[in-house]
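A.B. asks: return atomic coordinates for the entry below.
(one chain, ligands or ions: 1)
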Amino acid sequence: MSSTFTYTFNHTSEFEIKVTTFFGLEEILAKELLKLGGKNITPFKRGVAVTGDIGFLYKANLCLHTALKVLVPIVKFTADNEHQLYDAIKAMPWEEFIDVQDSIMVESVLNTELFKHSLFVSQKVKDAIVDRFREKTGKRPDVDLIRPMFKLYIHVYKNEVSINLDSSGDPLYKRGYRSDINEAPMKEVLAAGLVKLSGWEPHLLLIDGMCGAATIGIEAAIIANQIPPGYYRNDFIFMKWRNFDEKLYDTIFDSSVNKIKNNPVEIIANDIDGPTLKKARTNTINAKVDDVVKCTQQSFFDIKPERSGGVIILNPPYGERLPVEEVTQLYKEIGNKLKKDFQNFTAWMITSNPEGINSVGLRASRKIQIFNGALECRFLKYELYGGTKKIHKLK
Ligand SMILES: C[S@@+](CC[C@H](N)C(=O)[O-])C[C@H]1O[C@@H](n2cnc3c(N)ncnc32)[C@H](O)[C@@H]1O
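C.D. replies: Just a heads-up that it's a prediction; the model follows:
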């Protein structure tokens, strides 16, 4: 078993890295990894595998817009029951990179009939590591569920167990600019993914008509001005590892920050609700994009765009707790407003509500399946042409 244990990543060697994302964003993430210089890019469900060195691992955490976690696979084995799982974990030479003074945390995700509870699997893995240390040294590493030094991420598919070392710590959607949270905030990684999927380019006007925390607008500004999304938090678990090369990280950080632009971008984040908009404004200030994202308070139905053409993204209330008639009425009005006042715009809408989608009254030219948390959604594209399309008959 120990021959497959591969905690050997250093500056010179390249190793496999697995980057996780939300369902529906795999292709977007793969493009980002390619741009960042990754090799052997292979998308899988909710993630992308890539090869890179330790500098690439640092860069991936700092610079990716649509990544949730950057993981280093360390071992794979099969286990048909808890005893085999425990024995395999205990046989691994954990002391090669974990010191008895270090703290650990284990998180598991199961896709198997063999083990019923992820907490049970995490507990077994933790017990096996701790028992190995106790037998060898008489002491054991502590468990720290908040700020551990090593976070092990276990994935079980059928009887295949893969153990990964999480290099990110807090998931990367926790950018750090959103201190004050509104009711249904969208994860920053999803917002960045929607902006990229929409095909919005910084020379175009972008409007989020129902912005909540202004996450979509802020992520668009971050993309447009090439701000590394990890810039705000600058805190990753790999910084606690003994092999952390601070000089290398600082070089990567400085060169990424030096690329930040101050492009004249026009983004409008609008919401009807005063207190929500106040929080949105604070978020734009925290993210240092308040000069780019203009926050406005009015009903979406009163917006009159100042420019003809651009991109509008809508994340309306999904109306899970509203009567069907109210939901269908809201979405019907959204469709009418788009037709009337957003000619020459490309509109995108994300919702989990099928009745809502059917009530918009516009034909979607693209429908992308995507998840907003646990909610299965569609991200729909509507091309809104101006005027009437005249057909000239050939004489
Ligand atoms: C699902 S939330 C949007 C969440 C947002 N994407 C975020 O990241 O926080 C829907 C938002 O629509 C706003 N809203 C509802 N009706 C509106 C209307 N007629 N005009 C403008 N905003 C509206 C609500 O105040 C709420 O903030």
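
A.B. asks: low pLDDT regions in the stretch 151-300 of the chain?
C.D. replies: Low-confidence segments of the stretch 151-300 of the chain (pLDDT under 70): 180-183.

A.B. asks: need the residues of it near the ligand, please.
C.D. replies: 182, 184-186, 191, 209-213, 215-216, 271-273, 276, 299-300 (CB under 6 Å from any ligand atom). (C-beta placed from N, C-alpha, C; glycine too.)

A.B. asks: could you redo the last one with a cut-off of 8 Å?
C.D. replies: Applying CB under 8 Å from any ligand atom, we find that the stretch 151-300 of the chain lies next to the ligand at 182-186, 191, 208-216, 270-273, 276, 280, 298-300.

A.B. asks: filter these to the buried ones?
C.D. replies: 182, 185-186, 191, 208-216, 270-271, 276, 280, 300 (16 or more other CB atoms under 10 Å).

A.B. asks: now, the residues of the stretch 151-300 of the chain next to the ligand that are in strands?
C.D. replies: Among these, the residues falling in strands (DSSP state E) are Asp208, Asn270, Asp271.

A.B. asks: wait, the last one sits on Asn283?
C.D. replies: Going back to what we said before, that points to Asp271. No. Asp271 is beyond contact range of Asn283, at 11.8 Å (criterion: CB atoms under 8 Å).

A.B. asks: could you check how far the nearest residue to Pro43 once chain neighbours are set aside is from Phe238?
C.D. replies: Distances taken as CB to CB, 6 or more residues apart in numbering put Glu26 closest to Pro43, at 4.2 Å, once the chain neighbours are dropped. Per CB to CB, to the nearest Å, Glu26 is found 23 Å from Phe238.

A.B. asks: residue boundaries of the helices in the stretch 1-150 of the chain?
C.D. replies: 26-35, 54-63, 82-90, 118-137 (DSSP state H, counting those that start in this stretch).

A.B. asks: now whichever residue of the stretch 151-300 of the chain sits closest to the ligand: phi and psi?
C.D. replies: Nearest residue of the stretch 151-300 of the chain to the ligand: Gly212, at 2.5 Å (CB to the nearest ligand atom). The phi/psi pair for Gly212 (degrees, to the nearest 10) reads phi 50, psi -120.

A.B. asks: list the beta-bridge partners for the residue nearest to Gln298 when sequence neighbours are not counted.
C.D. replies: In this structure, Gln298 finds its nearest non-sequential neighbour in Asn270, 6.4 Å apart by CB to CB, 6+ apart. Note on Asn270: beta-bridge partners by DSSP bridges are Thr296.

A.B. asks: and the gap between Asn270 and Lys367?
C.D. replies: 25 Å.

A.B. asks: inside helices: which ones of the buried ones among the residues of the stretch 151-300 of the chain next to the ligand?
C.D. replies: Residues of these located in helices (DSSP state H): Ala191, Thr215, Ile216, Thr276, Ala280.

A.B. asks: which one is the second one nearest to, not counting chain neighbours?
C.D. replies: Taking CB to CB, 6+ apart as the measure, Thr215 lies nearest to Ala191, with 4.1 Å between them; neighbours along the chain are not counted.

A.B. asks: the strands in the stretch 201-350 of the chain, which residues?
C.D. replies: Taking DSSP state E, counting those that start in this stretch as the criterion, the stretch 201-350 of the chain carries its strands at 206-208, 267-271, 293-297, 310-314, 345-351.

A.B. asks: ok and the second one relative to strand 293-297, angle-wise?
C.D. replies: This points to strand 267-271. 30 degrees (axes from the mean of the first three to the mean of the last three CA atoms, to 10 degrees).

A.B. asks: one step back: Thr66: which of the ones in helices among the buried ones among the residues of the stretch 151-300 of the chain next to the ligand is nearest?
C.D. replies: Using CB to CB, Ala191 comes nearest to Thr66 of these, at 9.8 Å.

A.B. asks: and whatever residue of the stretch 1-150 of the chain ends up closest to the ligand, how many neighbours?
C.D. replies: Of all residues in the stretch 1-150 of the chain, Phe22 sits closest to the ligand, at 14.0 Å by CB to the nearest ligand atom. Residues lying near Phe22 (other CB atoms under 10 Å) number 21.
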